[in-house]
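Chemist: Take a look and give me a structure for this.
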Amino acid sequence: MSVEITAKMVGALRESTGAGLKDCKKALAESGGDVDKAVEYLRKKGVATAAKKAGREASEGLIDTYIHLGGKVGVLVEVNCESDFVAKTDDFKQFVRDIAMHIAATSPVCVSREDIDPKILEEERKIAEGQAEGKPPQAIEKIVEGKLNKFLSESCLLEQAFVKDPDQTVQQVLTALIAKLGENMVIKRFARFQVGA
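Modeler: Numbering: from 1, shown residues only. Purely as a prediction, here's the structure:
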């Protein structure tokens with residue numbers, strides 16, 4: 001017995017996920033009308049779509065600012081996309097604004113692991129080794145790696161929990177937007193200023 005996929009079901013799924021009508025209809029058909037399974041199907045498809053688009057050049061985009069209340073913290077951020085058309089959409093503008101606010105709140109060191117200064121990483125490794133001193137030799141390497149991974153997840157923008165939705169990382173929010181708008185996007189760079197720092 002197959003479930004009839006109604007326009008109302010498709011519309012509700014589209015409203016909750018932001019995915020296209022055809023994608024929503026296909027997701028509901030694939031999941032037998034189960035909304036939770038359809039959402040999961042769309043999320044998986046979104047990640048796959050974003051991965052396909054990752055190699056495409058993103059040379060358009062926006063530079064935006066965020067000044068925290070009181071004027072003590074300010075952020076300048078550049079986010080790139082493939083076309084001027086997408087750069088002008090409300091979704092893209094809101095994402096750039098949200099990222100600038102996120103940077104003001106969380107003070108990341110860099111955009112991704114590849115961007116981190118090797119000297120900083122070496123310093124963190126030495127600190128972690130010092131903290132693991134006295135532990136069994138086989139455990140030291142695991143402890144050090146665990147502490148380094150924790151440091152990187154807190155310091156790298158793409159790995160941080162997104163301030164507006166802590167259940168997702170910044171990378172997951174970016175991936176969902178890539179899937180929704182259909183273009184590759186890259187958080188290129190940022191500068192965070194704080195009075196007295």
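Chemist: number of nearby residues for Ser155?
Modeler: Neighbour count for Ser155, taken as other C-beta atoms under 10 Å: 20. Yep, even glycine has a C-beta here, placed from its N, CA and C like the rest.
Chemist: correction: Phe190
Modeler: 22.
Chemist: next helix or strand past the least confident helix or strand in the chain by mean pLDDT?
Modeler: Using mean pLDDT, DSSP states H and E, the weakest-scoring helix or strand in the chain turns out to be helix 35-53, at a mean of 67. Where DSSP states H and E defines the elements, the next helix or strand beyond helix 35-53 is strand 60-67.
Chemist: Now do the helices in the protein.
Modeler: With DSSP state H as the criterion, the chain has helices at 7-17, 21-30, 35-53, 84-87, 90-106, 118-132, 137-155, 170-181.
Chemist: Is it correct that Gln168 is in contact with Phe162?
Modeler: Yes. In this structure, Gln168 is within contact of Phe162 by C-beta atoms under 8 Å, at 5.2 Å.
Chemist: Does Val39 touch Asp23 like I think?
Modeler: No. Counting by C-beta under 8 Å, Val39 sits too far from Asp23 to count as a contact (11.4 Å).
Chemist: Please identify which of these two sits among more neighbours.
Modeler: For Val39 versus Asp23, the count of surrounding residues by other C-beta under 10 Å is larger for Asp23: 21 against 17.
Chemist: Leaving out the residues flanking it, which one is nearest to the more buried one?
Modeler: By the measure of C-beta to C-beta, 6 or more residues apart in numbering, the closest residue to Asp23 outside its immediate chain neighbours is Leu42, 6.3 Å from it.
Chemist: Ile67 now?
Modeler: Nearest residue to Ile67, sequence neighbours excluded (C-beta to C-beta, 6+ apart): Gly74, at 4.8 Å.
Chemist: can you list the weak-confidence ranges in the protein?
Modeler: Residue ranges of the chain with pLDDT under 70: 1-2, 15-21, 46-59.
Chemist: okay, now the nearest residue to Val173 once chain neighbours are set aside: neighbour count?
Modeler: Nearest residue to Val173, sequence neighbours excluded (C-beta to C-beta, 6+ apart): Phe162, at 5.0 Å. When neighbours are counted by other C-beta under 10 Å, Phe162 registers 19.
Chemist: and if you look at the one 4 residues further on?
Modeler: Here the number of neighbours of Pro166 (other C-beta under 10 Å) works out to 9.
Chemist: And stretch 73-80, what's buried?
Modeler: Val73, Gly74, Val75, Val77, Glu78, Val79, Asn80 (16 or more other C-beta atoms under 10 Å).
Chemist: doesn't Arg192 make contact with the first one?
Modeler: Yes. Between Val73 and Arg192 there is a contact at 7.2 Å, judged by C-beta under 8 Å.
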